[in-house]
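S.K.: Turn this into a model:
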Amino acid sequence: VKVELPPVVKTERKESVKVELPPVVKTEKKDTVSAPLADRSRTFLGLATSDLTSTVSARSARVGASLKKQLEAIQEKRANLSLPTSTELKEQSSKALKAVGPAAIAALYQEGEVTLPGVYALALLGSCSGFHLFLYFITVGYSFGIMIPVLVGLYVYAKSPVQNLTTLHSVLTVVWAIRSASFFLYREYVNWPQLHDKVVEVNQMAKLSSKFFCWLVYSFFYAAMASPCLLRLKSQASWGVFGKIALGLQGTGLVLESVADYQKSTFKALPGNRNQWCNVGLFKFSSFPNYLGEITFWYGTYLAGLASYEKPQEWIMATIGILFISIVIRGAVSSLGAKQFRKYGNSAEYLEFRRTHTVVGPIPFQKKPKTKSAEPPADIIFEPTQSEKSEQPAM
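M.R.: Residues are numbered from 1 along each chain as shown. Below you'll find the predicted structure:
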């Protein structure tokens, strides 16, 4: 089917016509709110909003200015607190030492005299070995806690004229300290190595608080024991007959203790004698000649300084020292005596010796028993150790 389409008619493109519109006129929107409500919107809590705005702005400005000043002050402090360099730090440290050093030395001695607090500080220094091993507070620390204050006293008072007997009084104390410390160390590490294991075991069980307590307390008593020597060095009092006798007592005690310790150590070092009763040398005449020598030495030291005790605190300090060592020696004799009774109680020879001898020597006018075998005192009960139960019956 043939469909006849109309012919395409080409039309010419006409130019566009610009139409100018009138300008838009902006009209202000009228406030439709009523007049009373509009008035209320311009106030807040009875104040005009314009006033509130100006007040807040003023206060904000003042707070901002204050904060700015504070910030500037902090920045200035930070600048002043800047860390010093190593050179500045060394200079400051040296200045501090120069300032504090004389004050610390003045606390130890004033006007060439060692003060009692200074003696205590030196005793603390000498006895601090107990922090290494706890029992050193009553062995090595005991010796050094007395020796160091006396040595410092000899150095300080050497600048002024000191009598020869006064110097000898302190020198004997230093010799005693050196001898006793050497004896303690030799016995622990050479003559009786098993003792060192016990010392280490006790140290492992000791608490740090206990060490500090013992350090402070024992050092005070050591300072009190050393005070007669320091008071004698400070005083210019004459010796007299009594002082010379006391000085001889001090030297006698030192010799007696030294010889007794040497004899017992030599006896115990022989094979098979470690657990045997020592009855040689001075131990034939005294049950504990080493303790007798030590208490004799300290009473001689105390009495030799008697003429130099002037102030009440000096009397109190020196008397505390001699009372302390008296109680310690008495406790040591009682404890070791009970231990020996448990250990050698089956020996008739030992029981006879204890019946007729004391610490100070043989008991005068002591009658011998009619029976050949000596019986132990009635008030003593023997309790053998576990190792002894298998070898001997209980008494």
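S.K.: Mind jotting down where the helices sit in the stretch 51-200 of the chain?
M.R.: Remark: helices assigned in the stretch 51-200 of the chain by DSSP state H, counting those that start in this stretch are 86-108, 116-127, 140-157, 164-186, 194-205.
S.K.: and residue 283, which of the ones you listed is closest to it?
M.R.: helix 164-186 (16.2 Å; C-beta to C-beta). (Each C-beta comes from the backbone N, C-alpha and C, glycine too.)
S.K.: Residue 166: neighbouring residues, count only.
M.R.: For residue 166, the neighbour count with other C-beta atoms under 10 Å is 25.
S.K.: if I pick it, what's in contact with it?
M.R.: By C-beta atoms under 8 Å, 6 or more residues apart in numbering, the contact set of residue 166 is 232, 233, 239.
S.K.: How about residue 318?
M.R.: Per C-beta under 8 Å, 6+ apart, neighbours of residue 318: 224, 227, 228, 231, 302, 305, 309.
S.K.: Those residues in helices, which ones?
M.R.: Among the contacts of residue 318, the ones falling in helices (DSSP state H) are 224, 227, 228, 231, 302.
S.K.: In CSV, list those residues along with distance to residue 339.
M.R.: Below are the ones in helices among the contacts of residue 318 laid out as CSV (distance: C-beta to C-beta, whole Å):
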residue, distance to residue 339
224, 29
227, 33
228, 32
231, 37
302, 29
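S.K.: now the contacts of residue 318 in a markdown table, with pLDDT?
M.R.: Converted to a markdown table, these look like this (pLDDT from 0 to 100):
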| residue | pLDDT |
| --- | --- |
| 224 | 97 |
| 227 | 96 |
| 228 | 96 |
| 231 | 94 |
| 302 | 97 |
| 305 | 94 |
| 309 | 94 |
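S.K.: Can I get these in a markdown table including neighbour count?
M.R.: Shown next, in a markdown table, are the contacts of residue 318 (neighbours: other C-beta atoms under 10 Å):
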| residue | neighbour count |
| --- | --- |
| 224 | 24 |
| 227 | 32 |
| 228 | 31 |
| 231 | 25 |
| 302 | 23 |
| 305 | 27 |
| 309 | 21 |
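S.K.: Export the residues you listed as CSV, with columns for distance to residue 169.
M.R.: Output for these, formatted as CSV (distance: C-beta to C-beta, whole Å):
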residue, distance to residue 169
224, 16
227, 12
228, 8
231, 10
302, 11
305, 7
309, 14
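S.K.: just checking, what packs against the helix or strand that contains residue 233?
M.R.: Using DSSP states H and E, residue 233 falls within helix 208-234. The contact analysis (3 or more C-beta pairs under 8 Å, 6 or more residues apart in numbering; DSSP states H and E) places helix 208-234 against strand 113-114, helix 116-127, helix 140-157, helix 164-186, helix 289-304, helix 312-344.
S.K.: ok now the very next helix or strand once past the last one, how far from the chain's centre?
M.R.: I take that to be helix 312-344. Downstream of helix 312-344, the next assigned helix or strand under DSSP H and E is helix 348-356. In terms of C-alpha atoms, centre = their mean, to the nearest Å, the centre of helix 348-356 is set 45 Å apart from its chain centre.
S.K.: Chain neighbours aside, what residue packs nearest to residue 189?
M.R.: Excluding the flanking residues, the one nearest residue 189 by C-beta to C-beta, 6 or more residues apart in numbering is residue 196, at 6.1 Å.
S.K.: Then residue 177?
M.R.: If the residues on either side of it in the chain are set aside, residue 177 comes closest to residue 147, at 3.4 Å by C-beta to C-beta, 6+ apart.
S.K.: Enumerate every residue touching the one you found.
M.R.: Counting by C-beta under 8 Å, 6+ apart, residue 147 touches 126, 173, 174, 177, 178, 181.
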